[in-house]
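Student: I would like the atomic coordinates for the input below:
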Amino acid sequence: MAHEKQVLYEVIADISPDARGEYLAWLTPHVAQMLTFDGFLSGEIFINAEDECEITSVYRLRDMAAMDAYLAGPAKEMRTDGVNRFGGKLVARRRILIAR
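Tutor: Numbering: from 1, shown residues only. The predicted structure follows:
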């Protein structure tokens, strides 16, 4: 079987200014928890230099099979946790990128 290409999974969050500090405090252990899932190799947090309320979590995964397993399993619970904590103060969008 051919070696599958690595995947980047980005979660871009727009958080309201009054919840930004709480969100960043929550996000660090959230990223650490994501890295316990099979196939997650690394995770980093980036803050948009032009908009400090846009915060992106970037995960590197072993392959698309690991991404599919995450989406079919723990993704719903992980996403619900953020929604429950931050409600209308958080809008998230996601991208899945495959290495060329």
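Student: So Ile45 lies in a helix, does it not?
Tutor: No - the assignment for Ile45 (DSSP: H, G, I helix; E, B strand; the rest coil) gives strand, which keeps it out of a helix.
Student: isn't it right next to His30, touching?
Tutor: No - here Ile45 does not reach His30: they are 9.5 Å apart, not a contact under Cβ atoms under 8 Å. Glycine gets a C-beta too; all of them are placed from N, C-alpha and C.
Student: Break down the protein into its helices, ranges please.
Tutor: 20-34, 64-72, 75-86 (DSSP state H).
Student: Okay, buried residues for the first one please.
Tutor: If I follow you right, that is helix 20-34. Residues 20, 23, 27, 30-31, 34 are the ones in helix 20-34 that count as buried (16 or more other Cβ atoms under 10 Å).
Student: And for the second one?
Tutor: By neighbour count with 16+ other Cβ under 10 Å, helix 64-72 contains the buried residues 66-67, 69-70.
Student: Can you show me the CA trace of it as PDB?
Tutor: In PDB, the C-alpha atoms belonging to helix 64-72 read as follows (Å, rounded to 0.1, in the frame of the first residue of the first chain):
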ATOM      1  CA  MET A  64      -6.400  10.900   6.000                       C
ATOM      2  CA  ALA A  65      -7.400   7.700   7.700                       C
ATOM      3  CA  ALA A  66      -6.500   9.300  11.000                       C
ATOM      4  CA  MET A  67      -8.600  12.300  10.100                       C
ATOM      5  CA  ASP A  68     -11.500  10.200   9.100                       C
ATOM      6  CA  ALA A  69     -11.300   8.200  12.400                       C
ATOM      7  CA  TYR A  70     -11.300  11.500  14.400                       C
ATOM      8  CA  LEU A  71     -14.300  12.800  12.400                       C
ATOM      9  CA  ALA A  72     -16.200   9.600  12.900                       C
END
